[in-house]
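[1] with the sequence up front, the predicted model follows.
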Amino acid sequence: MADAKAGELDCIKQKLAFAERLLAGVARANDSLLNVTDYRESIQGAMRILGTSTQVDRVYLFRCHEAPATQELLASQKWEWVAEGVKPEIDNPELQDFPLEALLPRWSEALTQGQQIAGLIRDFPVSEREILEPQNILSMVIAPIAVRNLFWGFMGFDDCHRGHVWSASEIDALKTVANSFGGAFARQEAETELKKINDSLEVRIQQRTEELEVSTALANSANRAKSDFLANMSHELRTPLNGILGYAQILQRSEDLKSRERSHASVIEQCGHHLLTLINDILDLSKIESQKMSLYPTEINFDSFMQAIVEMFSIQAHKKGIVFRYSLSPLLPQGILIDKQRLMQVLFNLMSNAIKFTDRGEVEIVVTGEPFVPIKSSKALEKQHLIKFEVRDTGSGISKKELEKIFTPFEQVGNIEQRSKGTGLGLAISQKIVELMEGELKVDSVMGQGSCFFFSIYCPEVKIDSQSALDRSEQKILAYQGETRKILVVDDRWENRAVVTNMLIPLGFEMIEAENGEQGLEQAVLNRPDLIITDLAMPRMDGYEFIRLLRQNEATHRTKIFVSSASVFQSDQQKSLDAGGDCFISKPIQLQELLKALQAALKLEWVYETNKQKKNQAEADKSCDQSSIILPSIDSLQSLQKLALSGLIKAFCNELDEIDKVSPECRGFTQAHRALAGNFQLKDIQEALELSISQSLAEARITASH
C-alpha cells in the first residue's frame with residue numbers, strides 16, 4: 001500500500017512538473033508573440049519555446065487556401081521547428097499545396113469547424129496512418145488557427161519518440177496557443193494592409209485605429225483563454241490534492257497511529273502543501289495580470305503570527321547547518337489588521353529564498369516599528385503603525401545583471417540546482433502583494449556576501465482576544481456538546497466525500513452521502529440534515545441547480561449550505577454564494593477551516609483534548625513503540641542521552657551507526673531515533689531515552705534479583 005501511495009505521489013509530481021513547464025511555455029510563447037517586433041522572429045521563437053517546454057519533436061504551421069480554378073481547399077507547410085536529431089519536413093514537396101479534403105477528409109471537417117485532432121497515430125484511420133507513419137510520428141495534436149473568425153490553417157505538435165497521451169487540459173492549452181498565433185497573424189496581416197494604404201493621412205489613421213482595435217480584441221481573447229486554462233488546470237490538480245491533504249490530516253488525528261507514523265503523515269501533508277503553493281502561485285500570477293488580486297484583512301495576534309513563521313524556518317535553517325536569528329521590536333502592537341495569508345505568502349517566499357541561497361553563515365529576520373501615526377481614513381481616525389520587515393542572509397548574493405530581472409515572472413537566479421526548486425514566480429507575486437499593501441519591496445545585495453530584502457507597510461492597530469483564547473484555538477477537538485448533528489455531503493467523486501466523512505465521523509457527526517444533485521435533493525428531503533456540503537461541478541444536476549432547488553423546497557429552504565469546490569477564483573466563490581450558499585470552503589479542504597465554519601453555522605460548543613489526555617496518548621505511543629524494540633546497552637543509552645542533551649545531532653547519529661554495527665538486533669531502536677533526529681525532535685528524543693534507560697535499569701534489577 002505504501003508503494004502504491006508513493007507511486008501515486010510520483011505520478012502527481014510528474015503531472016505537476018509537466019503542467020509547470022507547459023504553463024511557463026504558454027506564458028513565454030504569448031510574450032514572444034505579443035512583444036517581439038520582428039514578425040518572423042516572434043513566430044519562430046514562440047515555436048521553439050513551445051517545442052522545448054512540451055518536449056515534442058516537431059512543431060509546424062500549415063496555411064490553407066482555395067485553388068483558384070476548382071475552389072478545392074489546399075494546405076501548405078509554412079513554418080517548422082524540429083528537435084535535435086529529428087528529420088525536418090519543411091522541404092518535403094508532398095506537404096505543399098496538397099488537397100486537405102481529399103487526403104484527410106476527417107481533418108478538413110474538424111478543423112474548419114474549430115475542432116482539434118489529437119491522439120496516438122496507431123489509433124488513427126488506415127488512410128491517415130499511411131500518410132503520417134513515414135514521418136515517424138507516434139502521437140500528435142492538431143489545432144485550428146482562425147484569423148478574423150475565418151479558418152486560416154492549423155498548427156501541429158508531433159511526438160516521434162514517446163507516443164505521449166495528451167490530456168484534455170494539455171490539448172486545451174495548445175489550442176489556446178494556436179489562438180495566440182492567429183492573433184499574431186491577424187496583427188501581421190493588419191500591418192501589411194496598413195502599409196498599402198497611401199490615399200490620405202486621414203484614411204491611414206482610421207485604418208490603423210480599426211486594426212489595432214481588432215488586435216487588442218484578439219489579444220484580450222487569448223488572455224481570457226489563458227485564464228480559463230489556468231482555472232481548469234487548477235481544478236484538475238486540486239482534486240487529487242484534496243484526497244492527499246485530507247487523509248494526511250485524518251491520519252495525524254488518529255489515535256491508532258504511533259508518533260513515528262504520525263510524523264510520516266506530517267511529511268505527506270507538508271509536501272502536499274508545497275504542491276498547492278505552486279498551483280496558487282500560477283493562479284496568483286493570472287490574477288495579477290488581470291488586475292483581480294484583492295486583499296482581505298483580518299485581526300491577528302502579530303507576535304503569535306511571527307512566532308509560528310520563525311519556528312518553522314528556524315528548523316529549516318538548523319537542518320542546513322546555518323544560524324537563524326530573529327528580532328522583533330517592542331514598539332510593535334500586539335494586534336494588527338492585515339491580510340494574514342498574503343503577508344505570510346511574502347515572508348515565506350523571502351525566508352525560503354534566504355535559506356535556499358545560503359550555504360554557510362546565517363539568515364536573519366528583523367521586524368521593527370514606529371509608534372502609531374494618526375492618519376485620516378475613509379471611516380475614522382485610525383491608529384496606524386509603520387512596520388518594517390528585513391530578511392538578511394550571508395548567501396551567494398545577486399549580481400547587478402540579475403537584480404534587473406529578479407522581480408520578473410518566471411525568471412530565476414542562482415545556480416542550476418537552486419533554480420530547479422521553484423517556478424520563478426515568488427518574488428514577482430510578493431512584489432505585487434506588497435504594492436497592494438501600499439509598500440515597496442526592495443533588495444540590496446553584494447555578490448559573495450549576501451542579500452537583504454526589505455519593505456515597510458502601514459497597519460491599523462486592533463484589540464485582540466486573550467492569549468488563552470488563542471491557545472484554545474490550537475487544542476485538538478475531540479467532539480461537540482449536545483444532540484447529534486446530521487451532515488449531507490454531495491460530490492460526484494467518492495474520494496472527496498470520503499475525506500469529509502472521515503474528518504467528521506470521529507467528532508460525532510452523522511454523515512450522509514450523495515453523488516449528484518438529484519440524489520442530494522432526495523437525501524435532503526428524506527433525512528432533513530442540519531447542514532449540506534456540496535460540490536459545484538457534478539453530472540446530471542450541478543451544484544448551482546441543486547442549491548436553487550433546495551432554497552425553493554419548503555423542507556430544506558432554511559438548511560445551511562456549504563459550497564466546497566476546487567474552483568477558487570473569487571468570481572466562482574461569489575457566484576456560489578449568490579446562488580444561495582452560506583459559506584465557501586476551497587479544496588483541498590483544511591480541517592481547521594471546516595471546523596471553524598461548522599462551529600459558526602451550527603452554533604457548536606467543542607469538547608477539547610485535555611493536557612492529561614494528550615500526555616496519556618503520548619505515553620501510550622511511546623509504550624507501544626518501546627514494547628517491540630530491543631534496547632542497546634545501558635552505556636550506549638546514556639551516551640546517546642548525553643549527546644541529545646548537548647544538541648549534537650551529527651555525533652548522535654554517528655553513535656547510532658556504531659550501535660548498528662555492534663548490535664544489529666537493535667536496528668528497530670536506531671531507526672526510530674534516527675527518524676526523530678532527522679526532524680530535530682530533540683525533546684522527543686530525550687523523553688524516549690529517559691523511558692528506555694528506566695526500562696533497561698528495571699530489567700537489570702529483575703535479572704539481578706534472580
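    Noted; the coordinates are in hand. Remember, predicted model here, so these are calculated numbers, not experimental data.
[2] assumed residue 365 was part of a strand.
    Yes - counting by DSSP: H, G, I helix; E, B strand; the rest coil, one finds residue 365 located in a strand.
[3] pLDDT wise, what is it at?
    pLDDT recorded at residue 365 is 92.
[4] what residues are up against it?
    Taking Cβ atoms under 8 Å, 6 or more residues apart in numbering as the criterion, residue 365 is in contact with 310, 313, 325, 326, 327, 347, 351, 389, 390, 391, 392. Placement of C-beta: from N, CA and C, glycine included.
[5] please, a PyMOL command that selects the buried ones among those?
    To isolate the buried members of the contacts of residue 365 in PyMOL, using 16 or more other Cβ atoms under 10 Å:
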select buried, resi 310+313+326+347+351+389+390+391+392
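[6] can I get the contacts of residue 365 in JSON lines including pLDDT and distance to residue 105?
    Shown next, in JSON lines, are the contacts of residue 365 (pLDDT from 0 to 100; distance: Cβ to Cβ, whole Å):
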{"residue": "310", "pLDDT": "82", "distance to residue 105": "67"}
{"residue": "313", "pLDDT": "81", "distance to residue 105": "62"}
{"residue": "325", "pLDDT": "88", "distance to residue 105": "71"}
{"residue": "326", "pLDDT": "88", "distance to residue 105": "70"}
{"residue": "327", "pLDDT": "88", "distance to residue 105": "73"}
{"residue": "347", "pLDDT": "90", "distance to residue 105": "60"}
{"residue": "351", "pLDDT": "89", "distance to residue 105": "60"}
{"residue": "389", "pLDDT": "94", "distance to residue 105": "64"}
{"residue": "390", "pLDDT": "93", "distance to residue 105": "67"}
{"residue": "391", "pLDDT": "93", "distance to residue 105": "62"}
{"residue": "392", "pLDDT": "93", "distance to residue 105": "67"}
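[7] what sits up against whatever helix or strand residue 457 lives in?
    Assigned by DSSP states H and E, residue 457 belongs to strand 450-460. Counting by Cβ under 8 Å, 6+ apart, strand 450-460 makes contact with 333, 336-338, 346, 350, 353-354, 357-358, 361, 373, 375, 382-398, 434, 437-445, all of which sit outside it.
[8] make it 6 Å
    For strand 450-460, contacts defined as Cβ atoms under 6 Å, 6 or more residues apart in numbering pick out 336-338, 350, 382, 384-395, 397-398, 434, 437, 439, 441-445.
[9] re earlier: so which of the contacts of residue 365 are in helices?
    310, 313, 347, 351 (DSSP state H).
[10] what distance do you get for the closest residue to the first one other than its chain neighbours to residue 648?
    Put plainly, it is residue 310. Nearest non-adjacent residue to residue 310, counting by Cβ to Cβ, 6 or more residues apart in numbering: residue 326, 4.8 Å away. Distance, residue 326 to residue 648, by Cβ to Cβ, to the nearest Å: 23 Å.
[11] next: residue 609.
    Taking Cβ to Cβ as the measure, residue 609 falls 34 Å from residue 648.
[12] quick one on the thing from earlier: who does the residue nearest to residue 310 bridge with?
    Residue 326 has these beta-bridge partners by DSSP bridges: residue 365.
[13] repeat for residue 141
    residue 118, residue 157.
[14] roughly how far apart are it and residue 450?
    In terms of Cβ to Cβ, residue 141 sits 47 Å off from residue 450.
[15] same question, residue 72
    For residue 72, the distance to residue 450 - Cβ to Cβ - is 68 Å.
[16] out of the two, which sits in the busier spot?
    residue 450 (22 against 14; other Cβ atoms under 10 Å).
[17] report pLDDT for that one.
    90.
[18] check contacts around the closest residue to it other than its chain neighbours.
    Leaving aside its sequence neighbours, residue 450 sits nearest to residue 394 (Cβ to Cβ, 6+ apart; 4.3 Å). Residue 394 is in contact with 361, 362, 450, counting by Cβ under 6 Å, 6+ apart.
[19] so where's the stretch 1-150 of the chain uncertain?
    Residues of the stretch 1-150 of the chain meeting the criterion pLDDT under 70: 1-19, 22-23, 26, 34-37.
[20] if you set the cut-off to 90 instead, what comes out?
    For the stretch 1-150 of the chain, the stretches with pLDDT under 90 are 1-56, 65-72, 84-96, 98, 100-103, 114, 131-136, 147-150.
[21] helices of that one, start to end?
    Counting by DSSP state H, counting those that start in this stretch, residue ranges of the helices within the stretch 1-150 of the chain are 2-35, 39-54, 100-103, 105-112, 126-132.
[22] how about stretch 393-403: buried residues?
    Those buried within stretch 393-403 under the rule 16+ other Cβ under 10 Å are 393, 394, 395, 396, 397, 398.
[23] which helix or strand contains the nearest residue to the last one once chain neighbours are set aside?
    The spatially closest residue to residue 398, leaving aside those adjacent along the chain, is residue 445, at 4.1 Å (Cβ to Cβ, 6+ apart). Counting by DSSP H and E, the secondary-structure element that holds residue 445 is strand 442-446.
[24] list the neighbouring strands of that strand plus their orientation.
    By DSSP bridges, strand 442-446 pairs with strand 450-460 (antiparallel).
[25] ok, residue 689 - how many residues close by?
    With other Cβ under 10 Å as criterion, residue 689 counts 19.
[26] verify the stated contact: it with residue 642.
    No - look at residue 689 against residue 642 with Cβ atoms under 6 Å: they stay out of range, at 9.6 Å.
[27] okay, buried residues for stretch 448-468 please.
    450-462, 464.
[28] do stretch 305-318 as well
    Residues of stretch 305-318 classed as buried by neighbour count (16+ other Cβ under 10 Å): 305, 306, 309, 310, 313, 314, 316, 317.
[29] tell me which of these is nearest to residue 508?
    Nearest to residue 508 among the buried residues of stretch 305-318 is residue 305, at 31.6 Å by Cβ to Cβ.
[30] doesn't that closest one fall inside a helix?
    Yes - according to three-state DSSP, residue 305 belongs to a helix.
[31] roughly how far does it sit from residue 328?
    11 Å.
[32] and for residue 346?
    Taking Cβ to Cβ, one finds residue 346 at 17 Å from residue 328.
[33] which of those two has more residues huddled nearby?
    Here residue 346 and residue 328 are compared on neighbour count by other Cβ under 10 Å; more neighbours surround residue 346, at 26 against 16.
[34] would you mind measuring from that one to residue 405?
    For residue 346 relative to residue 405 (Cβ to Cβ), the value is 19 Å.
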